[in-house]
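S.K.: 3D, please:
(2 chains)
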Amino acid sequence: MKDFNFAFLDEGSKRAIRRALLKAVAIPGYQVPFGSRELPIGRGWGTGGIQVTLAIIGDGDVLKVMDQGSDDSVNAISIRNFVMACTGVRTTTDSEAATLIQSRHRIPEIPMRNDQILVLQVPLPEPLRMTEELESVTKKMHAEMDYAIMWLALYENIVRVGEIELGADYPVMVEGRYIMAPSPIPRFDNPKLHMSETLCLFGAGREKKIYALPPYTDVRSLCFEDHPFRVEDMSGRVCHLCGARDVYMDEFFDSASGDRLFQCSDSGYCEKRRRAASHE
Amino acid sequence: MGYVAVKGGREAVEASIMLLEKYRTDGDCDVELEAIERRMSLLVDRVMSEAGFYAPRYAALALKQSQGAADEAVFLLRAYRSTLSRAYRSLPLDGAGMVINRRISAAFKDIPGGQFLGATYDYTHRLLNFGLAQETPLEIASIREKWKACQTQAEPGPPIFAGRVSQELKDEGLIAMEERDDEPNDITQRPITFPAPRSSRLQTLARADTGFISALAYAGIRGFGPTHPTVGELRTGALEVLIPHPLLEGETLCAGEILVTEVESIFPEETAETKRQEEDDPLLALGAGQGDKADVSGNSLGLGIGYGMVLGRNDNKAIAMSILDYFLESGEGILSNQEFVLLHGDCLEMNGFVSHLKLPHYVTFQSKLDRVRGARRDGCNEGL
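M.R.: This next block holds a predicted model:
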């Protein structure tokens, strides 16, 4: 990759992305449009997150890339290799050792610190899209804080099926002002965003939007007084590898025995626990 | 425990890439860039147009690397372009200043400057030519000889320039003239916003996937759009790209030439203007007699223009673009919905998002399962 600039993009592009990031940090939860660049990785495969990472990464950073919790998923490997090849930074699977974590659809189990940055890949940044298809309209709804249709959609959902159907990417209210898509993290991870010590940056490459949650931002998952927000029920699930409980689990079936098994979704966390156990 | 929850498998990925390389190099003949660039130039043109990047040799390289997959080649060019800094902004190009090598009009038999068929498959019979399977150098040489003989017989005239067909209609007042000199927005630098200015719309359409905009334009003229156009003019030729001289004020530099296809489609449309109709229409003049001409109300007919310009030789994409340009400006229904038409035709975006469905969705699916199981456990709607 020596034919290319440090962090692939030309300096002008990186600066433009950093400007969008600064604006995003200044207005938590607001989607800042930016001139999204094409990358050697597919649009829809994390190019928003990658552009954010490329724009802010420096020589001294230690990078962790995870996809659905796993460091070893095909796409996590691909993104990590790409960033490594064009920056030469060190990488890790240990969330505590990383200065910069790029993630698709998960927040690490071990709480992140103030000296770390979390970059989340976002497929669909507009939380109101499920109720309104036009961007020009949703933009106005945000500007006017006109969220009635969203509340109505959630209410109707409860009336129809007794539950809010939204699985992951469960919308949140930021600082009582903007409804924001937290990216398709499970609801289990939503509470981690509230008053987080860590700067969270969200990049949507295909949709050309960047948004952010600065540290200690008030982030509440949408709910009703008589219908509280509920995370996924992980009770009674134990990781078959490390014995962890109360973390988000992947579910699978043992092809030999046909049993239903659980395993930590955060592979770095699981690995760390197993390493610690073997040292004891 | 025999089973480990799916890991990506670095080795599997490496092997997959190796297999890809093996496929790319199958057979005994190398694909030379020269051959792709010169003998598959319509494919090269399509790739450059959808990439929004005029570089025939790089497009040929991308096609070689992508085993001829146009969308992959577009992807490669776009990604490469992201690494280049934008040094200059060209001056506006005027299609009327084109050195023409093809120019036709479906509106008039005789057009000032004349029609030139140029190179087109339109009048060939699409019979598979088995002779090409074993084309010999001798046969190729004979084609060149014929071409050369043809050239020397004809007058070696000067380069062909011609004004636009639509100019006469504009002069006649049939086409509403709208001159706008707003600074165009570059959607690759500042994302498109809605309602989108015309410059953003045209740039988006010019870079769009050929199949996508052809299909939309087809839907439009088949019945989902307001009207059926006439191709006023279709022209292909070379345009010089001029940039302001970096040192000498007022001077320009030629950065190079690009081959483009330009189309103006003409649509009949209702206009509020009535004056000209009164003057020209003897029946109306009779009926109105000496009465107050301003009272002749109601809409009249006029002509509207849709504009298309794409990189390279690509008649259909340019025509489709001109149709959608018009529908977006003045149509009704789905094809005038800017967000629908302009947000879904980018080759990279559509293919990227569709293909991302192949990525694991274990976490999000688990979250969905939790909701479904929860709803079933609690019983639908009970207690409400």
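
S.K.: can you map out the helices along the stretch 251-384 of chain B?
M.R.: Counting by DSSP state H, counting those that start in this stretch, the segments of the stretch 251-384 of chain B that form helices are B:275-280, B:282-288, B:315-330, B:338-342, B:347-355, B:362-378.

S.K.: an error on my part: the question was meant for the stretch 101-250 of chain A.
M.R.: A:135-143, A:148-161, A:190-193.

S.K.: who's in contact with the second one?
M.R.: Pointing back at helix A:148-161 there. Defining contact as C-beta atoms under 8 Å, 6 or more residues apart in numbering or on different chains, one finds that helix A:148-161 is touched by A:127-128, A:130-132, A:141, A:163-166, A:171, A:179, A:222, A:224, A:227, B:375, B:380-381, B:384. The way it works is simple: take the backbone N, C-alpha and C, and place the C-beta from them, glycine included.

S.K.: just the buried ones out of those residues, please.
M.R.: Among the contacts of helix A:148-161, those buried by neighbour count (16 or more other C-beta atoms under 10 Å in any protein chain shown) are A:127-128, A:131-132, A:141, A:163-166, A:171, A:179, A:222, B:375.

S.K.: nearest residue to residue A:55 in space, please, no chain neighbours.
M.R.: Excluding the flanking residues, the one nearest residue A:55 by C-beta to C-beta, 6 or more residues apart in numbering or on different chains is residue A:17, at 3.8 Å.

S.K.: residue contacts, that neighbour?
M.R.: Residue A:17 sits next to A:9, A:34, A:51-52, A:54-55, A:210 when contact means C-beta under 8 Å, 6+ apart.

S.K.: residue B:258 now?
M.R.: Applying C-beta under 8 Å, 6+ apart to residue B:258 gives the contacts B:54, B:238-239, B:241, B:311.

S.K.: what helix or strand is residue A:36 located in?
M.R.: Residue A:36 belongs to no helix or strand when assigned by DSSP states H and E.

S.K.: ok, it to chain B distance?
M.R.: 7 Å (C-beta to the nearest C-beta, to the nearest Å).

S.K.: with adjacent residues omitted, what lies nearest to that residue?
M.R.: Counting by C-beta to C-beta, 6+ apart, residue A:36 lies nearest to residue A:208, which is 4.1 Å off, once chain neighbours are set aside.

S.K.: wait, the one you found sits on residue A:37?
M.R.: No: with contact taken as C-beta atoms under 8 Å, residue A:208 and residue A:37 are classed as non-touching, separated by 9.8 Å.

S.K.: looking at the helices of the stretch 251-384 of chain B, which is buried most?
M.R.: Among those, helix B:315-330 has the highest mean neighbour count (mean count of other C-beta atoms under 10 Å in any protein chain shown), at a mean of 26.

S.K.: what's that helix packed up against?
M.R.: helix B:198-207, helix B:210-219, strand B:230-244, strand B:252-271, strand B:300-311, helix B:338-342 (3 or more C-beta pairs under 8 Å, 6 or more residues apart in numbering or on different chains; DSSP states H and E).

S.K.: what angle separates the fifth one from helix B:315-330?
M.R.: Orientation of strand B:300-311 against helix B:315-330 (axes from the mean of the first three to the mean of the last three C-alpha atoms, to 10 degrees) gives an angle of 130 degrees.

S.K.: quick one, which of the helices and strands packed on helix B:315-330 is nearest to residue B:149?
M.R.: Using C-beta to C-beta as the criterion, the shortest distance between residue B:149 and the helices and strands packed on helix B:315-330 is 24.1 Å, found for strand B:230-244.

S.K.: now the closest one: buried residues?
M.R.: Going through strand B:230-244 with 16+ other C-beta under 10 Å, the ones that come out buried are B:230-237, B:239-242.

S.K.: just to revisit the earlier point, A helix includes the residue nearest to residue A:55, no?
M.R.: Yes: with DSSP: H, G, I helix; E, B strand; the rest coil as the criterion, residue A:17 is part of a helix.

S.K.: look up how far residue A:11 lies from it.
M.R.: In this structure, residue A:17 and residue A:11 are 11 Å apart, going by C-beta to C-beta, to the nearest Å.

S.K.: for residue B:336, same thing?
M.R.: Where residue A:11 is concerned, residue B:336 sits at a distance of 40 Å (C-beta to C-beta).

S.K.: who has more neighbours, the two?
M.R.: Residue environment comparison for residue B:336 versus residue A:11 gives the larger neighbour count to residue B:336, 18 against 11, counting by other C-beta atoms under 10 Å in any protein chain shown.

S.K.: low pLDDT regions in the chain?
M.R.: All of this is about chain A. Using pLDDT under 70 as the threshold, the predicted model of chain A has low-confidence ranges A:1-2.

S.K.: wrong one, I was asking about chain B
M.R.: Residues of chain B meeting the criterion pLDDT under 70: B:1-9, B:153-158, B:179, B:272-298, B:331, B:378-384.

S.K.: what sits closest to the residue in it that chain A sits nearest to if chain neighbours are left out?
M.R.: Of all residues in chain B, residue B:352 sits closest to chain A, at 3.1 Å by C-beta to the nearest C-beta. In space, residue B:352 comes closest to residue A:43 once its chain neighbours are excluded; the distance is 3.1 Å by C-beta to C-beta, 6+ apart.

S.K.: quick check: which element contains that neighbour?
M.R.: For residue A:43, no secondary-structure element claims it when assigned by DSSP H and E, so it is in no helix or strand.

S.K.: picking that back up, and of the helices and strands packed on helix B:315-330, who's closest to residue B:13?
M.R.: Proximity to residue B:13, assessed across the helices and strands packed on helix B:315-330 by C-beta to C-beta, is greatest for helix B:210-219 (29.8 Å).

S.K.: excluding chain neighbours, give the residue nearest to the most centrally placed residue in chain B in space.
M.R.: Using C-alpha atoms, centre = their mean, the residue of chain B that lies closest to the mean C-alpha position is residue B:206, 3.8 Å off. With sequence-adjacent residues excluded and distances taken as C-beta to C-beta, 6+ apart, residue B:206 is closest to residue B:310, at 5.4 Å.

S.K.: residues contacting that neighbour?
M.R.: Contacts for residue B:310 (C-beta under 8 Å, 6+ apart) come out as B:49, B:206, B:260-261, B:317-318, B:321.

S.K.: now do residue A:234
M.R.: Taking C-beta under 8 Å, 6+ apart, one finds A:188, A:245-249 in contact with residue A:234.

S.K.: got a winner among the residues you listed for most neighbours?
M.R.: residue A:248 (27 neighbours).

S.K.: got a list of what it touches?
M.R.: For residue A:248, the contacting residues are A:69, A:106, A:109, A:186, A:188-189, A:232, A:234, A:264-266, B:363, B:366, by C-beta under 8 Å, 6+ apart.

S.K.: distance check, it against residue A:272.
M.R.: Applying C-beta to C-beta to residue A:248 and residue A:272 gives a distance of 15 Å.

S.K.: for residue B:257, same thing?
M.R.: Using C-beta to C-beta, which is the criterion applied here, residue B:257 is 60 Å from residue A:272.

S.K.: OK, now which residue of the stretch 1-150 of chain A is nearest to chain B?
M.R.: Counting by C-beta to the nearest C-beta, the stretch 1-150 of chain A gets nearest to chain B through residue A:43 (3.1 Å).

S.K.: burial of that residue, as a residue count?
M.R.: Using other C-beta under 10 Å: residue A:43 sits among 25 other residues.

S.K.: I'd assumed residue A:45 was in contact with the residue of chain B closest to chain A.
M.R.: Yes: assessed by C-beta under 8 Å, residue B:352 is found in contact with residue A:45 at 6.3 Å.

S.K.: let me see the ranges of the helices in the stretch 1-150 of chain B.
M.R.: Listed in chain order, the helices of the stretch 1-150 of chain B (DSSP H, counting those that start in this stretch) span residues B:10-24, B:33-39, B:41-51, B:56-65, B:70-81, B:137-153.

S.K.: domains of the chain?
M.R.: Since you didn't name a chain, this refers to chain A. Taking automatic domain parsing as the criterion, chain A consists of the domains A:11-221, A:233-280.

S.K.: let's do chain B instead
M.R.: Here the domain assignment for chain B is B:16-81, B:95-122+B:159-345, based on automatic domain parsing.
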